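> structure for this input, please:
(one chain, ligands or ions: 1)
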Amino acid sequence: MDKPTTFQHGKFKASAVHRLDFSELTLTRYEYVKNFEMSEILLPNTWIVVRIDGRGFHKLSAHYAFSKPNDRCALDLMNYAATHTVQSLSDVTIAYGVSDEFSFVFHKATTLFERRREKIVSTVVSTFTAAYVLAWGRFFNQPLDTNMLPTFDGRAVCYPSWENLRDYLNWRQVDCHINNLYNTTFWALVRKGEMAATDAEELLKGTVSGDKNEILWSRFGINYNNEPDMFKKGSVVLREYALEDFPAPEPGEPLSKTQADKQRKARQKAKVITLHLDIIKDDFWFQRPWLKTGKPGKSV
Ligand SMILES: [Mg+2]
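Got it, this is the predicted structure:
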């Protein structure tokens with residue numbers, strides 16, 4: 001006869017008369033709980049943008065004494081983690097980053113994870129965060145402190161048209177420009193002009209771009225145009241192919257599985273590069289038709 005089994009669980013002591021039953025029958029009895037899992041499928045045929053954003057980076061940047069208004073090492077580390085993410089996920093066509101955020105654009109034809117929102121967002125966030133944390137020591141002398149670990153949140157947004165996607169990226173780049181001009185002027189007033197932060201804020205209230213350019217030039221001899229492009233324009237991470245002169249034709253028929261596999265392999269082979277340039281102008285996109293078609297371009 002079977003002896004009763006005793007389980008010790010915390011302060012509880014419970015006796016079970018029956019042995020634990022791991023038979024298929026028990027599995028079937030519990031399996032219904034899978035029905036509670038809901039997965040949201042991102043709208044087919046739309047451009048998926050996953051934007052990740054540093055959590056509490058205001059505090060984190062103070063803790064690790066990031067330079068103001070821009071810390072080159074911190075931005076290089078962001079770009080490094082984004083490059084790793086683009087390399088790991090061949091369905092990402094382009095990524096754009098500024099400050100502590102990065103947007104990853106998945107081609108509208110992607111079928112990655114059957115377009116399940118949670119799978120896509122969580123994979124991007126953890127791939128990026130893992131690379132960021134692992135590479136920290138390459139960019140900073142100071143080690144990471146367990147009480148102040150970098151973490152990121154992420155969200156996915158679907159853009160139904162190419163124009164919407166372009167406008168999204170334009171929005172981020174204009175935001176980069178406005179914030180950087182403001183921060184550059186603010187920190188010049190505080191550091192070089194020895195002005196109190198509240199006074200600098202007051203002075204900049206209601207000013208337009210021209211006013212800030214003028215303050216930088218007349219008070220500090222700084223020509224904003226000569227500031228580094230990475231600070232002014234943000235960072236674009238993409239696969240490098242030979243630039244083309246004319247817009248490529250629209251993609252026609254849907255791809256067969258073999259064709260799609262071939263293209264994925266070609267994308268995986270391509271070198272991922274980081275650029276700092278104007279992505280609002282059409283030229284950028286005309287020269288890189290692969291971004292829109294999703295087909296690999298001509299090798300360099
Ligand atoms: Mg943030």
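> going forward, measure contacts and count neighbours with C-alpha atoms only.
Fine.
> all helices for the stretch 201-300 of the chain, in order.
209-220, 229-233, 257-269, 282-286, 290-293 (DSSP state H, counting those that start in this stretch).
> got it, and the stretch 1-150 of the chain?
Under DSSP H, counting those that start in this stretch, the stretch 1-150 of the chain gives helices at 24-30, 57-63, 72-88, 117-139.
> go ahead and confirm T83 touches R239.
No: using C-alpha atoms under 8 Å, T83 makes no contact with R239, being 9.4 Å away.
> mutual contacts of those two, please.
272-273 (C-alpha atoms under 8 Å, 6 or more residues apart in numbering).
> max-length helix in the protein?
helix 162-187 (DSSP state H).
> single out the most deeply packed of the helices of the stretch 1-150 of the chain.
helix 72-88 (a mean of 21; mean count of other C-alpha atoms under 10 Å).
> and it with the ion, contact?
No: Helix 72-88 is not in contact with the ion by C-alpha under 5 Å from the ion; minimum separation 12.4 Å.
> quick one: contacts of that helix?
Helix 72-88 is contacted from outside by 66, 92-95, 97-100, 102, 104, 124, 127-129, 131-132, 135-136, 139-140, 235, 237-238, 268, 272-274, using C-alpha under 8 Å, 6+ apart.
> what's the distance between the residue in the chain positioned nearest to the ion and S99?
Closest residue of the chain to the ion, C-alpha to the ion: G54 (4.1 Å). G54 sits 9 Å away from S99, going by C-alpha to C-alpha, to the nearest Å.
> which one of those two has more residues nearby?
Shown here are G54 and S99; by other C-alpha atoms under 10 Å, S99 has more neighbours (20 against 17).
> excluding chain neighbours, give the residue nearest to that one in space.
L75 (6.8 Å; C-alpha to C-alpha, 6 or more residues apart in numbering).
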